[in-house]
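Visitor: have a look at this prediction, sequence included:
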Amino acid sequence: MKLYLNATSPFARVARIIALEKGLQDQLELCWSDPWTNDPALLQANPVGRIPVLVTEDGRAIAESLLIAQYLDNLTPSPRLLPPAELAAVLQRTGLGYGLMEAAFTTVIGRKHDAEADQSVLGQRRLQAIDRSIQALASQHRDDGQQTLDLSIIVTAVALDYVLFRLPEIDWRSRYPELAAWHQRVTVRANFTETAFN
Ligand SMILES: N[C@@H](CCC(=O)N[C@@H](CS)C(=O)NCC(=O)O)C(=O)O
């Protein structure tokens, strides 16, 4: 399999961490790609021109991190990142973390292309969405001290990490110390440090 990715994409990092957690690294070729340069190989795999894209052994190119997550989760039985018995709960939490990731990413890209982006109606909505999502994550996350991963944990930890990486002025750790302690425990795992943003 091939995974198109770069080192700063939170969506690609989710796909890569999942592959590592599922023990699929030996079957995965990492194809580093800058989506903003219209890389021809990436465009052939995904006409939308975004990473991540997973190209399966039989040549199917799957775009969208959460769809890649579903595919990879079905390749090996354990660890089960979308456990059927808890599917609704895991998907609910995944949606929350993914919403934060998307709002943060949109804010970063908006700023890159327009210095006034934060002042626009959309920019304001995205910043408010970030604040509300982190607040919801802080009030809903459960820390049972166990480190059994599921998709929601990977997506949420990467999303919070992305906020620290690209939007450090949103100092969520001082406002939500318990969430910060949980995030710290998750992101010291080897598969998170190995894929750290840089
Ligand atoms: N919904 C997509 C988002 C992917 C995405 O936005 N990727 C960014 C990099 S972080 C990208 O490739 N952007 C290039 C572009 O929008 O043209 C997913 O979950 O995979």
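Guide: That came in fine, so what should we check first? In this text, all values refer to a predicted model and were calculated from it rather than measured experimentally.

Visitor: list the buried residues for stretch 62-74?
Guide: For stretch 62-74, the neighbour count (16 or more other CB atoms under 10 Å) marks 62-66, 68-69, 72-73 as buried. From N, CA and C alone the C-beta is placed, and that goes for glycine too.

Visitor: what's the answer for stretch 175-187, then?
Guide: 176, 179-180, 182-183, 186-187.

Visitor: stretch 12-23 too?
Guide: 12-22.

Visitor: quick one: mean pLDDT over stretch 30-48.
Guide: Mean pLDDT, stretch 30-48: 97.

Visitor: now, which of the buried residues of stretch 62-74 sits nearest D39?
Guide: A63 (13.9 Å; CB to CB).

Visitor: tell me if I'm right that that closest one and L43 touch.
Guide: No: in this structure, A63 is not within contact of L43 by CB atoms under 8 Å, at 11.5 Å.

Visitor: picking up where we left off before, so which of the buried residues of stretch 175-187 is the closest to the ligand?
Guide: Nearest to the ligand, judged by CB to the nearest ligand atom, of those is T187 at 18.4 Å.

Visitor: for that closest one, give me its contacts.
Guide: Counting by CB atoms under 8 Å, 6 or more residues apart in numbering, T187 touches 157, 161, 193.

Visitor: what do you get for E29?
Guide: Counting by CB under 8 Å, 6+ apart, E29 touches 1-3.

Visitor: so which of these are in strands?
Guide: Among those, the members found in strands (DSSP state E) are 2-3.

Visitor: average pLDDT for the longest helix seen in the chain?
Guide: Of all the segments assigned as helix in the chain under DSSP state H, the longest by residue count is helix 87-113. Taken as a whole, helix 87-113 has a mean pLDDT of 97.

Visitor: in whichever helix or strand comes after it, what counts as buried?
Guide: As assigned by DSSP states H and E, the chain's next helix or strand after helix 87-113 is helix 121-140. Neighbour-count burial for helix 121-140, with 16+ other CB under 10 Å as criterion, is recorded at 123, 126-127, 129-130, 133-134, 137-138.

Visitor: I'd like those laid out as JSON lines, including distance to I170 and pLDDT.
Guide: Formatted as JSON lines, these follow (distance: CB to CB, whole Å; pLDDT from 0 to 100):
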{"residue": "G123", "distance to I170": "14", "pLDDT": "97"}
{"residue": "R126", "distance to I170": "12", "pLDDT": "98"}
{"residue": "L127", "distance to I170": "8", "pLDDT": "98"}
{"residue": "A129", "distance to I170": "12", "pLDDT": "98"}
{"residue": "I130", "distance to I170": "6", "pLDDT": "98"}
{"residue": "S133", "distance to I170": "11", "pLDDT": "98"}
{"residue": "I134", "distance to I170": "8", "pLDDT": "98"}
{"residue": "L137", "distance to I170": "13", "pLDDT": "97"}
{"residue": "A138", "distance to I170": "13", "pLDDT": "96"}
